[in-house]
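> Dropping a prediction and its sequence here:
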Amino acid sequence: MKKEKITCKEVMKHVCESLGENLNDDKCVEIRNHLDSCPNCREYFKSVEITIECYRKYNVQMPEEAHDRLMKMLGLED
Amino acid sequence: MEEKQLIEKAQNGDKKALAELVKNYEQTIYNFAFKICRDKNYAEQIMQETFYSMVKSLHQFDYNSKLSTWLYRIVANHCLMMARKVRSRPFVSFDDDEENLFEEKYAADWNTIPYKVAENEELKNILDNAIQNLSPDYRLVFLLRDVEGLSTEETAQVTELSIPAVKSRLHRARAFLRKEINQAFT
């Protein structure tokens, strides 16, 4: 039986499932080949990576007073 | 001093060692709590509760996991408790429309987006809103795995989920957040 060609939607699902996993199975090879030849899916892949990067870069600094209140509450002031 | 020595000393009642451990992790815990609840007051409250729990139960820490993984489990529980207490909006449900997560329209230029995070309040609002539409269980998995960089196995350990459940929540969260940001910029 002839194997169905992988669809863009399947590739997008796979990108979301497997990004960051170190997978070298047949499916991943097929996905990588598809990404090489499909600009739309490459763009999708990149946009998922950028989404994650945005949340990684969005950090907040703990205020100094919050540190002082924490140590006081725990009875660990200097 | 190495972390293992600090833990042993703290377990034996050394307050200086305990203070050192708290200082080593307070910023990480505060930041993580903020990322789950997107509110600085709640983040401070959760951080205090987390370290209070840590001090109370440090004698039970048995090195079966890293201290950081153990702390993530404590802070995650406090975050979920807080989220249940202050729930103020409905969360997106993935039951019926998972297919809609994978749309094929694109914002004008994704490449410029990450450079806006540090100084752009509009983008911060978009990121805050998008993640707050996810239920805290999904937020937790996305933040632990993708943002904090825990492995899938560690994320499963912290959340007490199976590995397939972690992967399922992760892929839905990634697709949903990407779609929300895409829509905000289209």
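It's in. Numbers count the residues shown, from 1 in each chain, chains lettered A, B, ... in the order given.

> what's the helix or strand for residue 52?
Reading this off chain A. helix A:39-57 (DSSP states H and E).

> could you do chain B instead?
Going by DSSP H and E, B:Tyr52 is in helix B:40-57.

> what about the helix or strand following that helix and chain A, touching?
Sequence order places helix B:67-86 as the next helix or strand after helix B:40-57, per DSSP H and E. No - contact of helix B:67-86 with chain A (C-beta under 8 Å from any C-beta of the partner chain) is absent, the minimum separation being 13.2 Å. All C-beta spots, glycine's among them, are computed from the backbone N, C-alpha and C.

> so what does the helix or strand following helix B:67-86 touch, helix or strand wise?
Following helix B:67-86 in sequence order, the next helix or strand is helix B:121-132 (DSSP H and E). Applying 3 or more C-beta pairs under 8 Å, 6 or more residues apart in numbering or on different chains; DSSP states H and E, we find helix B:121-132 packed against helix A:39-57, helix B:163-185.

> coming back round to it: residues in contact with the helix holding A:Ile52?
With C-beta atoms under 8 Å, 6 or more residues apart in numbering or on different chains as the test, helix A:39-57 has contacts from A:8, A:11-12, A:15-16, A:19, A:34-35, B:35, B:104, B:106-107, B:110-111, B:113-114, B:117-118, B:123, B:127, B:131, B:142-143, B:146-147, B:174-175, B:177-178, B:181-182.

> quick check: angle from the helix holding B:Tyr52 to helix B:67-86?
130 degrees (axes from the mean of the first three to the mean of the last three C-alpha atoms, to 10 degrees).

> quick one on the thing from earlier: so for the helix holding A:Ile52, what gets flagged as buried?
A:Cys41, A:Tyr44, A:Phe45, A:Ser47, A:Val48, A:Glu49, A:Ile50, A:Thr51, A:Ile52, A:Cys54, A:Tyr55, A:Arg56 (16 or more other C-beta atoms under 10 Å in any protein chain shown).

> do the same with stretch B:52-66
Buried, per 16+ other C-beta under 10 Å, within stretch B:52-66: B:Ser53, B:Met54, B:Val55.

> Which helix or which strand is home to B:Gly149?
Under the criterion DSSP H and E, no helix or strand holds B:Gly149.

> Any figure for the gap between it and chain A?
8 Å (C-beta to the nearest C-beta, to the nearest Å).
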